[in-house]
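S.K.: Predicted coordinates and the sequence they were generated for:
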Amino acid sequence: MYAIMKTGGKQYKVKAGDKVTVERTPGMKVGETVEIVEVLAIGEGADLKVGSPFVAGASIQAKLVAETRGPKIIIFKKNRRHNYRRKNGHRQDLAQIEILGIKA
């Protein structure tokens, strides 16, 4: 059985035992168990339940394994012939979670 969950503005297809890298949310600590209630779809094959927008009563138990950072992305702005140059960088905070179980 798999589920499609929403976290950090993105959607992930997960099943029990998967390790997924998602955007870090404040307040979570390494080793904590979190419950994700934004489940868009759950099941498999003919048993698939799709929510509008979320499946009522469905949740996913996950454990925060590690906190990391993504690769550095360079933002460079330039206007020709106007001596305008701006360089900026960004690294996204990420969290690696392990899916413990899916509850319909």
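M.R.: Done, it's in.
S.K.: Which helix or which strand is home to the most centrally placed residue in the chain?
M.R.: With the centre of the chain defined as its mean C-alpha position, the nearest residue by Cα atoms, centre = their mean is V22, 3.2 Å away. Secondary structure from DSSP states H and E places V22 in strand 19-23.
S.K.: tally of neighbours for A3?
M.R.: Neighbour count of A3, defined by other Cβ atoms under 10 Å: 25. For glycine as for every other residue, the C-beta is placed from the backbone atoms N, C-alpha and C.
S.K.: Go ahead and confirm it touches V37.
M.R.: No. Checked against Cβ atoms under 8 Å, the pair A3 and V37 is beyond contact range at 11.4 Å.
S.K.: overlap in contacts of these two?
M.R.: Residues touching both A3 and V37 (Cβ atoms under 8 Å, 6 or more residues apart in numbering): A58.
S.K.: before we move on, back to that, so what touches the helix or strand following the strand holding V22?
M.R.: Helices and strands here follow DSSP H and E; after strand 19-23, the next one along the chain is strand 33-36. Contact partners of strand 33-36, identified using Cβ under 8 Å, 6+ apart, comprise M5, T7, M28, S59, I60, Q61, A62, K63, L64, I97, L100.
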